[in-house]
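In: Predicted model, plus sequence, below.
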Amino acid sequence: MNGVNDILDLSVEELDELLATAEDITVNPQKYANLLRGKKLATLFFEPSTRTRLSFEAAMYELGGNVLGFSEAQSSSASKGESVADTARTVSCYADIIAMRHPKEGAPKVADMNASVPVINAGDGGHNHPTQTLADLLTIKREKGRLNNLTIGLCGDLKFGRTVHSLIAAMSRYENIHFVLISPEELRLPEYVKDDYFTNGACTYEETRSLENAMGKLDILYMTRVQRERFFNEEDYVRLKDTYILDEEKMALGKEDLVVMHPLPRVNEISVKVDKDPRACYFKQVLNGKYMRMALILKLLGVKA
Ligand code: NCD
């Protein structure tokens, strides 16, 4: 029931509203502390997660609400063969809103079509991850002061990386966005994503294999993990996993006001030495994710401060 499956389910005006609410939460948290008393969020996670699930939970608690759910498919009736549709109908009887992560593309959408409460897509296979994009948008807005006129480098696994797909969708609605797609041949951005967002000329792109060559022109560098769980064989993963490692030498090639982002978890893609560089914003991104999820839950439940 009218949850958020794709970042494009939210208009630019609605995104502006969410960004404004999130900013207000950071300034006036007490205004929000009891708004969802008596309400329940169900977190249905059929795939591993640290940030997404816990930030949804923290978001709900900080709004005065409660949380129920499961964090692995094995502990739910999915392991007995229950369908996503039946799970969604069932959980609608217990909760006011649902956040679902699932390895199958489209599963949260099926859940939303069958639930009587809103279902939020918390990541579906290699497809979409709209609430990570909300975290990303707030981070870009806060760090750069704008969401237009940006050159954004997307680096790593652009094939299976769902956060990248949702971020491109979101940014394609702002003016003068240029993407530099940095990946090995095997992990290039899928054609369907290019067709959807690059063919109408709203934003432009170039593709390269070299992070070094791209560094100097970027306003934002969005690093990603090679998505091991989506590979068909371990050999390919091992060969590709360390293609890009952002270290101090590469950071020296970047602009002074570069913003480095990563949805996390990181494996090897960013050297821990980069963490102390003021341009490293990935842990700020984590916190921004909680504020944006608070704003989204309030919006979907129709509650205003
Ligand atoms: C991302 C995901 O699950 O797609 N993690 C997250 O939610 N922050 C990125 C990843 O797992 O690589």
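Out: Received the coordinates, thanks. Residues are numbered from 1 along each chain as shown.

In: Give me the phi and psi for the closest residue to T133 other than its chain neighbours.
Out: Excluding its sequence neighbours, the residue lying closest to T133 (CB to CB, 6 or more residues apart in numbering) is S166, at 4.2 Å. Glycine gets a C-beta too; all of them are placed from N, C-alpha and C. Main-chain dihedrals, S166, degrees, to the nearest 10: phi -70, psi -40.

In: got a list of what S166 touches?
Out: By CB atoms under 8 Å, 6 or more residues apart in numbering, the residues touching S166 are D6, I7, N128, H129, P130, Q132, T133.

In: where's it relative to the ligand, distance?
Out: Going from S166 to the ligand by CB to the nearest ligand atom, to the nearest Å gives 9 Å.

In: name the element the residue most central in space within the chain belongs to?
Out: Nearest residue to the geometric centre of the chain (CA atoms, centre = their mean): Q132, 1.8 Å. Of the helices and strands defined by DSSP states H and E, Q132 is found in helix 130-144.

In: Which elements pack onto that helix?
Out: Helix 130-144 is packed against helix 12-27, helix 51-62, strand 119-124, helix 162-171, strand 220-223, strand 259-261, helix 282-300, with contacts defined by 3 or more CB pairs under 8 Å, 6 or more residues apart in numbering; DSSP states H and E.

In: Save these as JSON lines, and put in distance to R37 too.
Out: Below are those laid out as JSON lines (distance: least, CB to CB, whole Å):
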{"stretch": "helix 12-27", "distance to R37": "16"}
{"stretch": "helix 51-62", "distance to R37": "11"}
{"stretch": "strand 119-124", "distance to R37": "20"}
{"stretch": "helix 162-171", "distance to R37": "31"}
{"stretch": "strand 220-223", "distance to R37": "37"}
{"stretch": "strand 259-261", "distance to R37": "34"}
{"stretch": "helix 282-300", "distance to R37": "13"}
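
In: mind checking which of the ones you listed is nearest N268?
Out: N268 lies closest, by CB to CB, to one member of the helices and strands packed on helix 130-144: strand 220-223, at 10.5 Å.

In: Please work out the average pLDDT along the following helix or strand past that closest one.
Out: Next in sequence after strand 220-223, counting helices and strands by DSSP H and E, comes helix 234-240. For helix 234-240, the mean pLDDT works out to 94.

In: of all the residues in the stretch 51-200 of the chain, which ones are close to the ligand?
Out: Within reach of the ligand by CB under 6 Å from any ligand atom, the stretch 51-200 of the chain has these residues: R51, T52, G123, H129, Q132, R162, T163.

In: and the two most separated of those?
Out: Pairwise distances across these (CB to CB) peak at 13.8 Å, for the pair R51 and R162.

In: Let me see the contact set for the residue nearest to G156 when sequence neighbours are not counted.
Out: Counting by CB to CB, 6+ apart, G156 lies nearest to T224, which is 3.7 Å off, once chain neighbours are set aside. The contact partners of T224, by CB under 8 Å, 6+ apart, come to L154, C155, G156, D157, L158, G161, T163, V164, H262, P263, E269.

In: Most neighbours of all the residues you listed, which one?
Out: Scoring the contacts of T224 on neighbours with other CB atoms under 10 Å, the highest-scoring entry is D157 at 30 neighbours.

In: Let's verify the residue lying closest to T50 once chain neighbours are set aside: helix, strand, or coil?
Out: Among residues not flanking T50 along the chain, P265 sits closest, at 6.8 Å (CB to CB, 6+ apart). At P265 the chain is in coil, as set by DSSP: H, G, I helix; E, B strand; the rest coil.

In: Quick check on P265: phi, psi?
Out: Per-residue torsions, P265: phi -70, psi 150 (degrees, to the nearest 10).

In: picking that back up, of the residues of the stretch 51-200 of the chain next to the ligand, buried ones?
Out: R51, T52, G123, H129, Q132, R162, T163 (16 or more other CB atoms under 10 Å).

In: ok, now which ones touch the third one?
Out: Each residue near G123 by CB under 8 Å, 6+ apart is listed here: E47, S49, T52, R101, H102, H129, Q132, R162.

In: For these, work out which two are farthest apart.
Out: So, these by CB to CB: farthest apart are H102 and Q132, at 14.9 Å.

In: related to what we said a few turns ago, for the contacts of S166, give me TSV that also has pLDDT.
Out: Shown next, in TSV, are the contacts of S166 (pLDDT from 0 to 100):
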residue	pLDDT
D6	98
I7	98
N128	97
H129	98
P130	98
Q132	98
T133	98
